[in-house]
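[1] Any chance you can model this:
(chains A and B)
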Amino acid sequence: MPYPFKQIEKKWQDYWEAKKTFRTEDFSPKPKYYVLDMFPYPSAARLHVGHPEGYTATDIVARYKRLRGFNVLHPMGWDAFGLPAEQYAVKTGVHPKITTEQNVATFRRQIKMLGLSYDWDREINTTDPDYYKWSQWIFLQLYNRGLAYLADVPVNWCPELGTVLADEEVPEQIDKGYTVVKRTMRQWMLRITAYAERLLNDLDEVDWPENIKEMQRNWIGKSEGAELDFAVRNSDEKIRVYTTRPDTLFGATFMVLAPEHPLVERLTTPAQADAVKAYQEEARLKSDLERAELSKQKTGVFTGGYATNPVNGEAIPVWIADYVLASYGTGAIMCVPCNDDRDYEFAEKFGLPVTEILAGGEVVSGGRVQRSGGQLMNSATADGTLSLDGLEVPDAKRKITAWLAERGLGKAAINYKLRDWLFSRQRYWGEPFPVLLFEDGTHQPMDASELPLRLPDAQSYKPTGTGESPLAGIPEWVDTTDPRTGRAARRETNTMPQWAGSCWYYLRFIDPHNDEMFCDPEKEKQWMPVDLYVGGAEHAVLHLIYARFWHKVLFDLGLVSTTEPFQRLFNQGMILGYAYRCYRNSAGERVPPAQVEWRVEKQAEKAYDKVTGAELKVEYVPPDEVVWENERPLHPVTHEELEVKMDKMSKSLGNVVNPDDIVERYGADAMRLYEMFMGPLDQVKPWSTKNIEGVFRFLNRVWRVYVDEDERLHSKIQEAEPPLELQRLLHKTIKKVTEDIEALRFNTAISQMMIFINELHHAPVYPRGMMETFIRLLSPFAPHLAEELWQKLGHEKTITYEAWPTFDPALTLDDEVTIVLQVNGKICDKVTAARGLSEDELRNLALGNEKVQGRLEGKQVVMVKVVPDKLVNVAAK
RNA sequence: GCGAAAGUGGCGAAAUGGCAGACGCGCGGCGCUUAGGACGCCGUCCCGAAAGGGGUGGGGGUUCGAGUCCCCCCUUUCGCACCA
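    Next comes the predicted model:
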């Protein structure tokens, strides 16, 4: 009989709810600890086993910190604006509000079922007008600081979704099979680039995984170089270029402009006009992705125009090509084929000259190319005012930048890859912009007192197809008047992207019901920054950079007290599922996995027969239908052997695990424990329902050492002095569990508790004090079981606010230690000795050892290395 | 292509430069059971009867000593992808 987890878990969840055990005081003499999960999007697909991973981890930390005497803020809420609910509405006509409410109810139930210690009085929902009122209010702050503006920009338009997408969102949608094309539209932009430098520098202040910081640095993409002007021949125009290698200017033999560059028309000669126009048109229709994809073959067209290289006066041809991006730098580049691979490729294809200016290059396809380092050569002006010959690159850069600056030809410059944030979406289900648009093209923010600007109910959720949101179809909402002037106005029909709500939700948790301001400053000072923030790595450059940006704006406004919102960040690894599959050809015949090749075709992975080259049908067998024979997975019907693959859980692979089923069979505590026992929190790992049995058995064993068959306290639990050995094991366990929780190494903490229980249950008597200590160690991991056993031990109140056990360092060490004896680094014996023997004693012990002597026969001892309490290594020849 | 991380039993995984494989799954044996389950005990890296030897993707190096540090290669995963 397993322990009665169902009854226990229900009992304590009811208790916590009724007593509001986890309600957090705003102000407390205790030190504060703010531990936050990335709040979920409540999808119709319900919770999957990946969600509880991070939630359990933060819950363990929250419960541990409470036991350590901290005032803990641990809230949960819903990031509920977003596409899926709206797409569902388009299909069924059901208001996204209703879908969202249902999904939230399911998520809340599933999360509560896991016994997570959230303060539910602080629950928030980004679609609640009382919440998005403040999202709108913060937008107004951005607007008033000139950080929000309307612009006609080339956007990523997705026809299937009927909306534009941020650059960052494009790859994800392409993966899903949608198409994305370029289109120029009037859009709200947020000036995140104004914060590029601070977003970059302040990464040094936070305790985040290095890879995430690196991803953000790459995303911001700072580079240092120079801007310089090339005079256009037969014209007063100048072409300004940005380069990180001004030192290579003497090697610049042609220039390339982006097809969209404003000077293209002026430069183009009549003879080239048709070709240029055609190329521009072609480029315009391509998406960024298509441009990048066709990168293997460079394309471009000569404009017919020439510019002058400012250092040697040479006339160099000006081309256009789509490998130059309009949106980076100045949209124009000087090309140095002897140094730059892309320029070299272009020069080679179109027969443009290559001038050698770097010593020691390698010969590639007939030209001399130096890809890194080297000394400059052939780099001096005719008038002798500048020579870079013989200089190393950094010196040459400095020298020529100064020379150009003196003559007004250029200046040092910094560039970022980061672009301004495209902030509008042509959707219904998002925060409306609190802005009035007038006939004359001007616009005006609403007054804060008029917020929230509520979403109206809609008859239809279909995108209009014109690039306007469904809101445009609701004239009684769209058409309005400016309350100050009575002037006719239209409302903005775009809405904010899903990221808006998550940019500041961690602040709302601090003061969720305040209707005077988004967060009381005193409370903000009390709680910020978030001490530990846990979530998936997929938000590395999206949510996490947007939220940092908003936070810095709020900081500049004096509305928050910290420059960074999230002090310590941790990314949990994804939980994968095993999938089992087999292949069939078009005739329905089986094709063995060895004969199958997977290829990426039009952004989708497909299977092909290596022999015939034909595309194959892939059949996935749900894990619980797989027949096992001699540890090999077989097809339930045909009995052929199946290929095993570990992959993201998804319906199509049949490898989704539902937490409800797991909790039903093993209970929430076992589910929590297994998720933590699987392996290191930050690692990607496969779910195996079989393996949960191990932690389930452990919990049962814990139950049985505390409780007898009649569910009364076990008779072996007595007031007794514990034997020294057990006492030591307990103190080692306290030490390990404490240190492991601090480092988020829950898997090894659980191992240690298993070791303790495995040892304890052999003992003739279970000393009561020890039992009370252990249950407190277990309580953050398996809180329901711990509460129940704590009560059985005679306590009346929840275990939540008891004191965390402390250990005596002296008791974590044994009197006797095993000394490993090595000869030339190889183990030849192990002996037990008293701890604390001197080096001399250990040396003698080793040299006197029979086996050691045997090994040393005929050899001469060269050296003896002693590691106290551990090892002696005798080196001999 | 560039960047980062990782490769350890049949499987999930442990191991401040110092006993490789803790803990768990699975598997084998035994006990308890009419039986099964549950539970308990023992065993479980490889070769070898043993003594002993070998073993952390491959190759080299540093060190008294390397899974751990350094270099090269292979594989996998993730991120970026014409950013001048």
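
[2] Can you list the strands that the helix or strand hosting A:Ile333 pairs with?
    In this structure, A:Ile333 is located in strand A:332-335 according to DSSP states H and E. The pairing partners recorded for strand A:332-335 under DSSP bridges are strand A:254-257 (antiparallel).

[3] quick one: the strand it pairs with near RNA strand B?
    No - contact between strand A:254-257 and RNA strand B is absent, the nearest approach being 8.0 Å (criterion: Cβ under 7 Å from any atom of the strand). C-beta here means a position set from N, CA and C on the backbone, and glycine is covered the same way.

[4] And the strand holding A:Ile333, what's buried?
    Neighbour-count burial for strand A:332-335, counted by 16 or more other Cβ atoms under 10 Å, picks out A:Ala332, A:Ile333, A:Met334, A:Cys335.

[5] What sits closest to A:Gly300 if chain neighbours are left out?
    A:Ala321 (3.2 Å; Cβ to Cβ, 6 or more residues apart in numbering).

[6] which residues does that neighbour contact?
    For A:Ala321, the contacting residues are A:Val256, A:Pro259, A:Lys298, A:Thr299, A:Gly300, A:Val301, A:Phe346, by Cβ atoms under 8 Å, 6 or more residues apart in numbering.

[7] residues from the stretch 201-350 of chain A in reach of RNA strand B?
    Residues of the stretch 201-350 of chain A lying near RNA strand B by Cβ under 7 Å from any atom of the strand: A:210-211, A:214-215, A:218-219, A:221, A:223, A:225, A:242-245, A:258, A:288, A:291-292, A:294-295, A:298, A:322-325, A:328-329, A:331, A:333, A:340, A:342.

[8] Please apply the same query to the stretch 401-550 of chain A.
    In this structure, the stretch 401-550 of chain A approaches RNA strand B at residues A:Asn415, A:Lys417, A:Ala537, A:Glu538, A:Ala540, A:Val541, judged by Cβ under 7 Å from any atom of the strand.

[9] In terms of distance to RNA strand B, which of these ranks first?
    The shortest distance between RNA strand B and any of these, using Cβ to the nearest atom of the strand, involves A:Lys417 and amounts to 3.5 Å.

[10] my guess is the closest one meets A:Trp219, correct?
    Yes - counting by Cβ atoms under 8 Å, A:Lys417 touches A:Trp219, with 6.9 Å between them.

[11] quick check, nearest of the buried residues of strand A:332-335 to RNA strand B?
    Taking Cβ to the nearest atom of the strand as the measure, RNA strand B lies nearest A:Ile333 of the buried residues of strand A:332-335, at 4.3 Å.

[12] Now that that closest one has come up, it's in contact with A:Arg240, right?
    No - in this structure A:Ile333 lies outside contact range of A:Arg240 using Cβ under 8 Å: 10.5 Å.

[13] Looking at the residue of chain A found nearest RNA strand B now. What's its pLDDT?
    Closest approach between chain A and RNA strand B, counting by Cβ to the nearest atom of the strand: A:Gly694, at 2.0 Å. On pLDDT, A:Gly694 comes in at 94.

[14] Quick one: mean pLDDT for stretch A:378-385?
    Stretch A:378-385 carries an average pLDDT of 87.

[15] Return the set of buried residues in it.
    If you call a residue buried by 16+ other Cβ under 10 Å, then stretch A:378-385 has these buried ones: A:Ser379, A:Ala380.

[16] Using PDB, write down the CA coordinates of it.
    In PDB, the C-alpha atoms belonging to stretch A:378-385 read as follows (Å, rounded to 0.1, in the frame of the first residue of the first chain):
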ATOM      1  CA  ASN A 378      50.800  50.200 -49.900                       C
ATOM      2  CA  SER A 379      49.000  52.700 -47.700                       C
ATOM      3  CA  ALA A 380      50.400  56.100 -48.000                       C
ATOM      4  CA  THR A 381      49.000  59.300 -49.500                       C
ATOM      5  CA  ALA A 382      50.800  60.900 -52.400                       C
ATOM      6  CA  ASP A 383      51.400  64.200 -50.500                       C
ATOM      7  CA  GLY A 384      53.100  62.300 -47.600                       C
ATOM      8  CA  THR A 385      50.700  63.500 -44.900                       C
END
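
[17] Touching that stretch from outside, list them.
    The contact list for stretch A:378-385 (Cβ under 8 Å, 6+ apart) reads A:247, A:249-251, A:311-313, A:355-357, A:386-389, A:396, A:403.

[18] Then stretch A:533-540?
    With Cβ under 8 Å, 6+ apart as the contact definition, stretch A:533-540 has outside contacts at A:35-38, A:50, A:54, A:57-58, A:211-212, A:215-216, A:506, A:566-574.

[19] how distant is it from the center of its chain?
    Put simply, stretch A:533-540 sits 4 Å off its chain's centre (Cα atoms, centre = their mean, to the nearest Å).

[20] and that stretch, how far apart are its ends?
    The first and last residues of stretch A:533-540 sit 12 Å apart, counting by Cα to Cα, to the nearest Å.

[21] got the buried residues for it?
    Here stretch A:533-540 shows A:Tyr533, A:Val534, A:Gly535, A:Gly536, A:Ala537, A:His539, A:Ala540 as buried, counting by 16+ other Cβ under 10 Å.

[22] what do you get for stretch A:233-253?
    Taking 16+ other Cβ under 10 Å as the basis for neighbour counts, the residues of stretch A:233-253 that come out buried are A:237-239, A:241-243, A:245-253.

[23] again with stretch A:541-559
    Under the neighbour-count criterion of 16+ other Cβ under 10 Å, stretch A:541-559 has A:541-555, A:559 buried.
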